[in-house]
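[1] Provide a 3D model corresponding to the input given below.
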Amino acid sequence: MAVEVVYRSSRDPEQLFMDKAEADRHDKMLELAEALGEVLQTAVPSLTEQTAEDVSLYLAQNRDVFAKAFKNNLGALADLLPAGNPS
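    The predicted structure follows:
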């Protein structure tokens, strides 16, 4: 019988990771998404909780691309578009 060490995300207990660093990255991403969701709902009160959660999770998962775009590299956003859709 083999023994495996797995790590569980404290913010997403159903998600298991084989690497502690990966679990930590996932937790930090979820923490960012939660903060973004609060800001989005404050900025746009008509936004539903589910939509705010979906958008904030997308932003957090793609934070590196958005960080490049916010630093005047708008071309970085092309990485998020489907192939063959430049606009």
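
[2] buried ones in the helix or strand harbouring residue 58?
    Assigned by DSSP states H and E, residue 58 falls within helix 49-61. Neighbour-count burial for helix 49-61 flags 52-53, 55-57, 59-60 (criterion: 16 or more other Cβ atoms under 10 Å). Just so you know, the C-beta spots here come from the backbone N, C-alpha and C atoms, and that holds for glycine as well.

[3] what's the answer for stretch 14-25, then?
    For stretch 14-25, using 16+ other Cβ under 10 Å, the buried residues are 17, 23.

[4] to the chain's geometric centre, what's the distance from it?
    The chain centre lies 14 Å from the centre of stretch 14-25; the measure is Cα atoms, centre = their mean, to the nearest Å.

[5] Just give the nearest non-adjacent residue to residue 8, would you?
    Excluding the flanking residues, the one nearest residue 8 by Cβ to Cβ, 6 or more residues apart in numbering is residue 16, at 5.8 Å.

[6] quick one, what contacts that neighbour?
    For residue 16, the contacting residues are 6-8, by Cβ atoms under 8 Å, 6 or more residues apart in numbering.

[7] do the same with residue 56
    Residue 56 makes contact with 32-37, 40, according to Cβ under 8 Å, 6+ apart.

[8] Name the residues that touch the helix or strand hosting residue 24?
    Element membership of residue 24, judged by DSSP H and E, is helix 20-43. The contact list for helix 20-43, computed with Cβ under 8 Å, 6+ apart, reads 7-12, 15, 17, 47, 49, 52-53, 55-57, 59-61, 63.

[9] May I see the buried residues of that helix?
    23, 26-27, 29-30, 32-33, 36-37, 40-41.

[10] Next, the angle from that helix to helix 49-61.
    Going by axes from the mean of the first three to the mean of the last three Cα atoms, to 10 degrees, helix 20-43 is angled at 130 degrees with respect to helix 49-61.

[11] distance between helix 20-43 and the chain's centre?
    Distance of helix 20-43 from the chain centroid (Cα atoms, centre = their mean) equals 6 Å.

[12] just to revisit the earlier point, counting contacts, what elements does whichever helix or strand comes after the helix holding residue 58 pack onto?
    Counting by DSSP H and E, the next helix or strand C-terminal to helix 49-61 is helix 63-70. Packing partners of helix 63-70 (3 or more Cβ pairs under 8 Å, 6 or more residues apart in numbering; DSSP states H and E): none among the helices and strands.
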